[in-house]
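# sequence and computational prediction follow.
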Amino acid sequence: MGDRAAGRASAPHGSDAAKYESVIGLEVHVQLSTRTKMFCRCQNRFGAPPNSQTCPVCLGHPGTLPVINRAAVESAVRAGLACGSEIARYTKFDRKNYYYPDLPKNYQISQYDLPICAGGVVDFFSGGRRRRVGLVRIHLEEDAGKNIHAAGLPESHVDLNRAGVPLLEVVSAPDLRTPEEAGAYLKMLRLIMVHLGVSDCNMEEGSLRCDANVSIRPRGSDQLETRTEIKNINSFSFVMSALEYEIGRQIEVREGGGKIVQETRLYDSARDETRPMRGKEEAHDYRYFPEPDLAPIEIDEGWLARLREGMPPLPIARMDRYMNECGLPYYDADVLVQDRQVAEYFEECLKLSPSAKALSNWLINEVFGLMNQQKLGIRELGLPPGRLVELVQSVESGTVSKAGGRDLFPRIVGSTRPIAEIVAEMGIAQVSDDSFIRREVEAVVAENPSVVEDLRKGKKNAQNFLVGQVMRRTKGKANPAAVSEMIGKITG
Amino acid sequence: MAIEITDELVAHVARLSRLGLSSAEAAEIKGHFRKILEFVKTLDQLDLKDVDPSFFPLATHNVFRDDEVAPSLGADGALRNAPARRGDHFMVPRIVADASGVGGEPEESA
Amino acid sequence: MGAPTIRSALEIRDGVRSGKWTCVEAITAVMEQVRKANPKIDALNQVFADEALSAARELDGRRSRGEDLAPLAGVPFTAKDNICTLEGNTTAASKILHNHRAVYPATAVRRLQAAGAILVGKSNMDEFGMGSSTENSSVRVTKNPWRTTHVPGGSSGGAAALAAAVRGMVHLGSDTGGSIRQPAAYCGVTGLKPTYGRVSRYGLLAFASSLDQIGPIAGSARDCALALGAIAGTDPMDSTTAPVPVPDYLAELAKGIKGLRLGVVREYFPEGVEAEVKERVLEAVETFRGLGARVEEVSFPHAAYANPTYVLVSGAEASSNLARYDGVHYGYRTANPRSLIDLYARSRVEGFGPEVKRRIMVGTFVLSSGYYDAFYLKALKVRRLIRRDFERAFERVDAVIGPTSPVPAFPIGDRMDDPLKLYAVDVLTVAANLASVPGISFPCGFTRDKLPVGAQVFARPFDDAVVLRFAHAFQEATAHHRAEPAVCGWKEDGRG
């Protein structure tokens, strides 16, 4: 939740908070991962040296004109299709006029009254419950550059590398009710965009940015009250902290008899508070008008059909399947779906084996570790789905123990040798042979009569002790499940 | 529609236009606004109820380009005409909000 | 051989091609004329004598190595100072860009140079294209070569003045509300505003995006056709160019105008048009009738609304297009700005001239909250009606005709006390920009005190060839376009 700085007014007490319901909407900017910018052919890449990724067009030089990047339009349509939005048959760009050094033309080419996508929903999980948030719109626009305030100097420095990068603005309806929900929604929206391949949604690099609109109202009311806009939220956890602070502040104001002022506030993560940014009187007049330098866009059924083909399932649809059809717990489903390649890999495994939980465990406990260590994607490891399935089956069938399996795992990666061969070479084949197990158990039982007595009396750890002894005698080779069963049989 | 051209209106439009007009200029433009309003009043004679505004002179649509990279200018090319630069950045006076809150956009730190 | 007597750009083109002249000879001869004439009329802001000679030598070199000659090799041209060239500065005749060096060439310039044409200078203009007399230049006042106390028209005044004073060149101008046609009329030369979308605007400093076009100004329709052929066509850098094939404009001229239907626009001869202007234009109509055109009267019921519509639409778009001139990334910056706001406000108020500031203010107002519907949106609806007037007329005729300007060239300073007096001379030209149709102005005679009068012909979108044919047919039958202004010391029969 973030530490609260001393000196800040404390959060309202439970009873005050309970009187009110929070009403939250998020405006999310997603930087598209197209190769080039929205209206020019400069490379769209994070982290280039300042002003090296610019051309006369994105620099707003005299006489230049924008030209629409088709791939950006298609990304926007796919995002809309994924969210069930209505895709506009006719859409256009508009100029949003304001002055700022990171906006070289002093207008931003955006969309005003005919956004490319209208409506839509995002389903997600929050606090163990399934929630649905409506979308108002998704539209395309160009990003601005970056203003950097030089420490200690009366100067600001402008880097226009980011100017002209394509952005999707996703505006949600004010359907969110808690900071946690807002965080969960944002995470799901991010996941959708990543699965579509439309953006890498990296908040640290700024390819996912979020502003929040917050208001409160008496619980039970359905009126929308005065809201504030919170900007400068730079991470997922700050989304929640900023909202918590602001909700607390608004409750305090209301409880103190005051009125909420409609304003834009900046979130200060160092102090964990929001501060007003603009006075009422300086509401921007953006003087929107249709962008005369760009032809309008008409999207026909044929184009939509081509874009629909090859759209992956939604992350939440995958999660539903993992939980409902495969019986996986929410945690596993959530983890598996974070990486689309992993989800697809997992699904390929499922075609070969029904052991969803075992597969999930292996992926989460072993495969991910290897991916992190080698900094490779799941398809680059040299562990085709069939091979992982074989490993799982080896453990299931008792050919190797769980521990044996973990030792076996690194050896089967990157190798096409039959697993049985490797098992034999490693000498880890697990023994489940009945007579062998019986012999060993009988020996241990004979050596530990008092423990057997404890077992018969129902003392809890006696079973484990006896199993452990057998495992020690057999140097881990015995199949523990079979040992357990045999102990039961012999001791009655 | 009777619009009154006041000093406040002219000052507001000047602020939106980022033009630091002198009082003489503002006075002259105030008079000019009045003349322009008079000049365009004739348009009110027309019945425009069922007329579609003409936004795009050409009947084209879907004018796109491929997502293929072309060489950029490079920082030196980009900054060649800069009135003030600091290394490879354009330089402006420090951006802070003024008294009325103008200019106080979200601050990003380096 | 002696200095060639050059009468047209086409003559240079053909002369170089046939080997009669080298490019160096042609350029040297023309530059000599420019050196003599320009000081009297101040048409050019920059002259590229060395670069032009270099380019000429390069072309001659290529030919002597046996390489094919480019189609316009050796033809000298100028570019209006709002058209980006790598050579020299691109200033739009504004203090705010007074030493701006473009980092890329305009497509139209690039195409002309690729065709072998040679850039010899940047022509003077009204600042950012805003004006009808070239008196709004921050650099100099250009004089009309027919009477140096008079304006050459605007905003492409420098181009038109030089086209009249020196033969053999083509000039790139720009036209948003008449800025090619009206100065062509005032200077007794031919100027074509192509159909919107015919010529790329990439590299043209935008004034009004839905109205601007680059077009040629030259001594004849034929020279204009030569230039248009080189610059027309789609451009991947300009989304508002149209995918319409470019005909061979020169070849089209030969088709003449016999049988074409010509509409005389009733509303283009109102009270405000001077009697002598009216007479010269109606004489031109008779000439066309004599050449076989079928003449009838047409009506543009919304003609009177064109100028107010233009003021609102062009102002609004200009206020946005000129926002980028802010002293931050290029151009003029005020000294010692105290803050960002101060940097913007003072750079712009100091850098822009009075007419530009007026238009930015009007444009911002027209788009601002609460006024958008009453002004900008309304103007766009009236624009629709004006377009319909043209569409309906073109169901009956192939072209329409009227005067280019209600008055001929007027004395310098005469209309500077009241901007609306200056707007009034645009009343007949703005409709073509609003309707996106091609329009050509050609000299159709003189007033009794020897000031040129221009007639204007419009045709359907992308029928630029048709307007060229009308002007060319007129020029085959008459000699007004061959008359040369006294400032050059040439006699009226055109001999040097």
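Yep, it's here.
# can you list contacts of the longest strand seen in chain B?
What stands out as the longest strand in chain B, according to DSSP state E, is strand B:89-93. With C-beta atoms under 8 Å, 6 or more residues apart in numbering or on different chains as the test, strand B:89-93 has contacts from A:50-51, A:101, A:148, A:154-160, B:79, B:82, B:84-85, C:328-329, C:337-340, C:342-343. No exception for glycine: its C-beta is placed from N, CA and C like everyone else's.
# just the ones of these in helices?
Counting by DSSP state H, the part of those found in helices is B:79, C:340, C:342, C:343.
# and the buried ones among these, selectable in PyMOL?
Buried members of those, defined by 16 or more other C-beta atoms under 10 Å in any protein chain shown, are picked up in PyMOL with:
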select buried, (chain B and resi 79) or (chain C and resi 340+343)
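# what about chain A: which of the ones in helices among the contacts of strand B:89-93 touch it?
Residues of the ones in helices among the contacts of strand B:89-93 in contact with chain A (C-beta under 8 Å from any C-beta of the partner chain): B:79, C:340.
# can I get the ones in helices among the contacts of strand B:89-93 in TSV with distance to residue A:462?
Shown next, in TSV, are the ones in helices among the contacts of strand B:89-93 (distance: C-beta to C-beta, whole Å):
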residue	distance to residue A:462
B:79	80
C:340	79
C:342	86
C:343	84
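# which of the ones in helices among the contacts of strand B:89-93 sits closest to residue C:165?
Among the ones in helices among the contacts of strand B:89-93, residue B:79 lies closest to residue C:165 (C-beta to C-beta), at 40.1 Å.
# so that closest one sits right up against residue A:49, yeah?
No - Residue B:79 lies out of contact with residue A:49 (C-beta atoms under 8 Å); the separation is 11.9 Å.
# C-alpha coordinates for the longest strand of chain B, PDB please?
Written as PDB, here are the backbone C-alpha positions of strand B:89-93 (Å, rounded to 0.1, in the frame of the first residue of the first chain):
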ATOM      1  CA  HIS B  89      18.400  19.000 -26.400                       C
ATOM      2  CA  PHE B  90      16.300  22.000 -27.300                       C
ATOM      3  CA  MET B  91      16.500  24.500 -24.500                       C
ATOM      4  CA  VAL B  92      13.700  26.700 -23.200                       C
ATOM      5  CA  PRO B  93      13.200  28.700 -20.000                       C
END
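# roughly how far is it from the heart of the chain?
A distance of 20 Å separates the centroid of the chain from that of strand B:89-93, by C-alpha atoms, centre = their mean, to the nearest Å.
# parallel or antiparallel, list what pairs with it.
Using DSSP bridges, strand B:89-93 pairs in its sheet with strand A:155-159 (antiparallel), strand B:85-86 (antiparallel).
# can I get those in CSV with mean pLDDT?
Shown next, in CSV, are these (pLDDT from 0 to 100):
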stretch, mean pLDDT
strand A:155-159, 95
strand B:85-86, 94
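# winner for burial among the ones you listed?
Ranked by mean neighbour count, these are led by strand A:155-159 with a mean of 23 (mean count of other C-beta atoms under 10 Å in any protein chain shown).
# now the element after that one, going C-ward?
strand A:166-172 (DSSP states H and E).
# and that following strand, what does it pack against?
strand A:20-31, helix A:70-82, strand A:129-142, helix A:179-196 (3 or more C-beta pairs under 8 Å, 6 or more residues apart in numbering or on different chains; DSSP states H and E).
# the following helix or strand past the last one vs chain B: in contact?
Scanning the chain past helix A:179-196 towards its C-terminal end, the next helix or strand to appear is strand A:208-218 (assignment: DSSP H and E). No - counting by C-beta under 8 Å from any C-beta, no contacts exist between strand A:208-218 and chain B, the nearest distance being 9.2 Å.
# strand A:208-218 packs against which elements?
Judged by 3+ C-beta pairs under 8 Å, 6+ apart, the packing partners of strand A:208-218 are strand A:20-31, helix A:179-196, strand A:228-233, helix A:236-255.
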